[in-house]
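1. using only what follows, build the 3D model:
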Amino acid sequence: MSTAPPGRKFASGVQRITSSALGRYQSAVVRIGFSATYLLFLLRELPHRHEMYGPDAPWRWDMAKQLISGNESFSVLMWSDSTAWFEIVYAVVLLSAALLMVGWHTRAMSVLFMVGVLSLQNRSVFLGDGGDNVVHLMAIYLVLTRCGQVWSLDARRAARVRRTESGADGESKSEQEPGAGGARPALNVAGTILWLVLGLVLVVATATDGLGGTWWLPTLFWVLWIGHGVWWAVNRYAPQSEPRTLLDVLANLAHNAILVVIMAEVCLIYATAGWYKVQGSRWQDGTALYYPLNLDSFTPWPALSHLLASNGVMVMVLTYGTVIVQVAFPFTLFNRRVKNVLLVAMMCEHAGIALLLGLPFFSMAMIAADSVFLPTVFLVWLGGRVTLGRQLLFSRTGRVPEQQRGGEEEVPQHSGSSGHTLVG
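-> Next up is the predicted model:
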């Protein structure tokens, strides 16, 4: 039992949440999971994109514009009804999802990903299987997280710069980051071009009132764009100044707060779903799972679905187990072992939904959301296994990749991190 006075404990807690981004691996998994989910969804629907979101959609462009003007939502597809503009937007959303997944200029890609998700979903609001709501929310949350500190191209670039500085200046700079040691960071041409182009688009969209009817979304865009410029200027010309430290503190606070929001969101989803199921008579008598297993629209493997539906005991166990897991999960967060057991059970449940009910992207979205609760030890171990597998693969092809320590070298945990801040 700790004997530290309450004041010291409080100060230690404040120091921790302001000096570092917590859950670096969890936020990276959430980033990869949701961007991969939406990327695969867009690729699967590529042949049907015109009927879903484009000029051939039953929910016509003028109908969508009328609805959007009434509910003050946002969609760049409302800027023009031309087919060429739709193709450009769809291609940009595909590209941003892919680049966000690999962590290339994660801040800019997270903003483009959010814009793409909001634009497509608000264009045709009657499409979706439930997972689209989760993707919608998480796309907004990811913008404010430092989700590129590990397992990203940004992190690898930062580690490469650190190794270069260490080799040039000796051991004294081996623990320093780009921009934190007195030497100015190298000019990032791609990042500068992205900032200028996105700034030009933001100016035009603001001038033409194309950012929707709400106040918070234009404000968020301008804060991110201006903040990114401020971060670059401070990091380049005053890397050891108090403003640089302040920017890191703001970034860490935003990241840690949003991480708590994501966790609360997941708990709310399961608690709401579980308690609503408790009120249903079919869930109470243990037969609820039987009915979707016999619907033609939700049986991609009819023989497997009918085999499971014919086993009354299994149907009852799965029905009651679903309710128990969903209701109990929020109450197990303070018991690590029980939480991990239920977390595995929920992920297996969603894998079963993908297989038996034909809802793969809903399941992928929920598994990605569940990943925020995965233990850091497991994620570090998993990253090490993936790195080892990649090294073995390249060694067989005659190419030896750069050695990494399972992500530990990607971005250090101290407050001078330049990997991915709220404004950089």
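
2. longest helix in this protein, please.
-> Secondary structure of the chain per DSSP state H: the longest helix is helix 242-279.

3. list the buried residues for it?
-> 244, 247-248, 250-252, 254-256, 258-259, 262-263, 265-266, 269-271, 274, 277 (16 or more other Cβ atoms under 10 Å). To be clear about C-beta, it is placed using only N, CA and C from the backbone, and glycine gets the same treatment.

4. with stretch 99-113 instead?
-> 99-113.

5. going by distance to V143, which of the residues you listed wins?
-> The shortest approach to V143 among the buried residues of stretch 99-113 belongs to S110, at 4.9 Å (Cβ to Cβ).

6. the closest one is in what secondary structure piece?
-> helix 106-123 (DSSP states H and E).

7. just checking, what packs against that helix?
-> helix 24-44, helix 61-71, helix 83-102, helix 131-142, helix 189-207, helix 216-237 (3 or more Cβ pairs under 8 Å, 6 or more residues apart in numbering; DSSP states H and E).

8. quick one, the last one and helix 106-123 angle?
-> Using axes from the mean of the first three to the mean of the last three Cα atoms, to 10 degrees, the inter-axis angle of helix 216-237 relative to helix 106-123 is 170 degrees.

9. alpha carbons of the helix holding S110, as CSV, please.
-> Taking Å, rounded to 0.1, in the frame of the first residue of the first chain, the C-alpha atoms of helix 106-123 are listed here in CSV:
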residue,chain,number,x,y,z
THR,A,106,-1.0,10.8,-39.7
ARG,A,107,-2.4,14.2,-38.6
ALA,A,108,-3.3,15.3,-42.1
MET,A,109,-4.6,11.8,-43.1
SER,A,110,-6.7,11.6,-40.0
VAL,A,111,-8.4,14.9,-40.9
LEU,A,112,-8.9,13.7,-44.5
PHE,A,113,-10.2,10.4,-43.3
MET,A,114,-12.8,12.2,-41.0
VAL,A,115,-13.9,14.4,-43.9
GLY,A,116,-14.3,11.4,-46.2
VAL,A,117,-16.3,9.4,-43.7
LEU,A,118,-18.6,12.3,-42.9
SER,A,119,-19.0,13.2,-46.5
LEU,A,120,-20.0,9.7,-47.7
GLN,A,121,-22.2,8.8,-44.8
ASN,A,122,-24.0,12.1,-44.8
ARG,A,123,-24.6,11.8,-48.5
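
10. can you report how many residues lie near R157?
-> 18 (other Cβ atoms under 10 Å).

11. tell me how far the helix or strand hosting it lies from the chain's centre.
-> Taking DSSP H and E as the criterion, R157 maps to helix 153-169. The chain centroid and the centroid of helix 153-169 are separated by 26 Å under Cα atoms, centre = their mean, to the nearest Å.

12. next, the buried residues of that helix.
-> For helix 153-169, the neighbour count (16+ other Cβ under 10 Å) marks D154, A155, R156, R157, A158, A159, V161, R162, E165 as buried.

13. same thing with stretch 35-52?
-> With burial defined by 16+ other Cβ under 10 Å, the residues of stretch 35-52 counted as buried are S35, A36, T37, Y38, L39, F41, L42, E45, R49, M52.

14. ok, now how distant is the fifth one from N311?
-> Look at L39 and N311: by Cβ to Cβ, to the nearest Å, they are 37 Å apart.

15. same check on the first one?
-> For S35, the distance to N311 (Cβ to Cβ) stands at 38 Å.

16. any regions of the chain where pLDDT drops low?
-> Flagging of the chain using pLDDT under 70 yields the residue ranges 1-4, 165-187, 397-424.

17. G213: neighbour count?
-> 14.

18. next up, the contacts around it.
-> S69, E72, S73 (Cβ atoms under 8 Å, 6 or more residues apart in numbering).
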